[in-house]
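Q: Here is the input, now give the coordinates:
(one chain, ligands or ions: 1)
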Amino acid sequence: MILSTHAVVGAAIATLMPDHPGLAFLSGMASHFLIDAIPHWDYPLRSISVARGPSPGLTVNRPLFRDLGLIGLDAIVGLTVALWLYATPTAAAAVLLGALGAILPDPLQLAHKLWPREPLRTLQRFHVWIHSKRKLRWPIGIASQLSFVLLVISVSEALRANLA
Ligand SMILES: [Zn+2]
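A: Residues are numbered from 1 along each chain as shown. Reported below is the predicted structural model:
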């Protein structure tokens, strides 16, 4: 899924454990793999196609910068929305780490592309394996991902209300 979705989901989970930033980080990472297994839409990357091809390395060209810009923007938007939604003074650390943990597996794919060794190799294999092979198309993909985010926000809201 896109990084914004991962960030908000990671942050929503983190609010259930506001006093445990380390656990929030790990739960965020776990959530990345779990929700990648759901059929979804990802924006097309022109230069960095991490899912396929064993060829290591990246070519430095325009499409690469376009991809990195898109990924960076996606991550910043996601972190901003996540913090805006959830970063109360007491939960800020857990929320930030939950969101970062949820984003991390995708930059690690990039790291694997540049440095295809262990433990990145095993992580990459797992990521590709669990990632849904069914691609949803525009605009169903966008609508379903947005509904999914809203669903996660409401479920975590309900869980928090029950925990309180
Ligand atoms: Zn992923």
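Q: near the ion, which residues of the chain show up?
A: Proximity of the chain to the ion (Cβ under 5 Å from the ion) is limited to residues D36, D106. The C-beta positions use only the backbone N, C-alpha and C, and glycine is treated the same way.
Q: roughly how far is the host helix or strand of D74 from the heart of the chain?
A: Here D74 sits within helix 62-86, counting by DSSP states H and E. Distance of helix 62-86 from the chain centroid (Cα atoms, centre = their mean, to the nearest Å) equals 11 Å.
Q: tell me the mean pLDDT for that helix?
A: Helix 62-86 carries an average pLDDT of 94.
Q: same deal with stretch 128-136?
A: pLDDT averaged over stretch 128-136 gives 92.
Q: just stretch 17-29 next, same as before
A: Here the average pLDDT along stretch 17-29 is 97.
Q: For the ion, what's its nearest residue on this protein.
A: At 4.3 Å from the ion, D36 is the closest residue in the chain, using Cβ to the ion.
Q: Quick one: list the elements packing against the helix holding D74.
A: Counting by 3 or more Cβ pairs under 8 Å, 6 or more residues apart in numbering; DSSP states H and E, the packing neighbours recorded for helix 62-86 are helix 3-14, helix 92-103.
Q: Enumerate the positions of that helix that are buried.
A: Applying a neighbour-count criterion of 16 or more other Cβ atoms under 10 Å, one finds D67, L70, I71, D74, A75, G78, L79, V81, A82, L85, Y86 buried in helix 62-86.
Q: about what we covered before: so what pLDDT did the residue of the chain closest to the ion get?
A: Reported pLDDT for D36: 96.
Q: So for the strand or helix carrying D106, mean pLDDT?
A: Per DSSP H and E, D106 falls inside helix 105-114. In this model, helix 105-114 carries a mean pLDDT of 92.
Q: Could I get the buried residue list for the following helix or strand past it?
A: Downstream of helix 105-114, the next assigned helix or strand under DSSP H and E is helix 120-130. Using 16+ other Cβ under 10 Å as the test for burial, helix 120-130 gives L120, L123, Q124, H127.
Q: Over to stretch 9-22?
A: V9, G10, A11, A12, I13, A14, T15, L16, M17, P18, H20, P21.
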